[in-house]
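**Q** Next input, structure requested:
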Amino acid sequence: MTIKIIQGHNHTLGASRINVIIDVIRAFTVAHYAFIKGVQGIILAGTLDDAFRLKRQFPEFILAGEIQGLPIAGFDLDNSPVRLQNADLRGKFLIQKTTNGVKATLNSLNADHIFVTGFTNARTTAEFIKHKLLREDTAISIHLIASHPSGDDDLACAQYISGILQNSNRISADETIERIRKSEAAKKFYDPAKPDFLQEDIGLCTRELSSEFVMKVNYKDELPLIEKVQVQELNHE
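**A** Numbers count the residues shown, from 1 in each chain. Okay, here's the model as predicted:
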């Protein structure tokens, strides 16, 4: 097994068996909670024009996302996992446009298996890869993409996932949470002068959840779609 950690969203990667794209604050934390609330799938839009074009094509879909962390005029939802809790998402699809996570994913499609995650679903994602995919190919190549160009939040989560995959104690869940909370990306959420950024969001971003699914990108028909894949009784031998 070869694991490589890449930081940032502007990259060109060679082919690999597995790419895991990480956005803790907040894109793929939002995605995780959206699936918990009943979303059927999440389409990734690289630009605002793409997002609004998809909305015109699928008017029943929900626009969600941010630019530089801030809400987008004309979107139904921003990028807050806290505000997401008030939305009825059962059976619906999202169109997601974000600064780091979505862009990093669209630059990471050259893999047999593509997963996205925040910290909330990091352990489930790592365990799924370890017990379902590494068992089939022990020489597998894995890219862990920490999508924030400089933030320690995504990097800490990537190192946490790497440790789980390698059965090491390189970084614990508590250490990961502490680094996320103290990261540069988190600072604005503690600033009362920036009401668009909720401190409660960081609480949800650092809550490790017991999930029964991973989030996998399906890239059929040139339309990247995050889908929920159920985890069936992981074998912990």
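**Q** For the residue most central in space within the chain, which three-state class applies?
**A** With distances taken as Cα atoms, centre = their mean, F28 lies nearest the centre of the chain, 2.8 Å away. Three-state assignment for F28 (DSSP: H, G, I helix; E, B strand; the rest coil): helix.
**Q** how much space between it and G101?
**A** Distance, F28 to G101, using Cβ to Cβ, to the nearest Å: 5 Å. Yep, even glycine has a C-beta here, placed from its N, CA and C like the rest.
**Q** Show me what the host helix or strand of L63 is packed up against.
**A** Taking DSSP states H and E as the criterion, L63 maps to strand 62-65. Applying 3 or more Cβ pairs under 8 Å, 6 or more residues apart in numbering; DSSP states H and E, one finds that strand 62-65 contacts helix 27-36, helix 48-57, strand 93-97.
**Q** 10 Å instead, please
**A** helix 27-36, strand 41-44, helix 48-57, strand 93-97 (3 or more Cβ pairs under 10 Å, 6 or more residues apart in numbering; DSSP states H and E).
**Q** Now do the last one: distance to the chain's middle.
**A** What it means is strand 93-97. Between the centre of strand 93-97 and the centre of its chain there are 13 Å (Cα atoms, centre = their mean, to the nearest Å).
**Q** Neighbouring strands - and their directions - for that strand?
**A** strand 41-44 (parallel), strand 62-65 (parallel) (DSSP bridges).
**Q** Perfect, that will be all.
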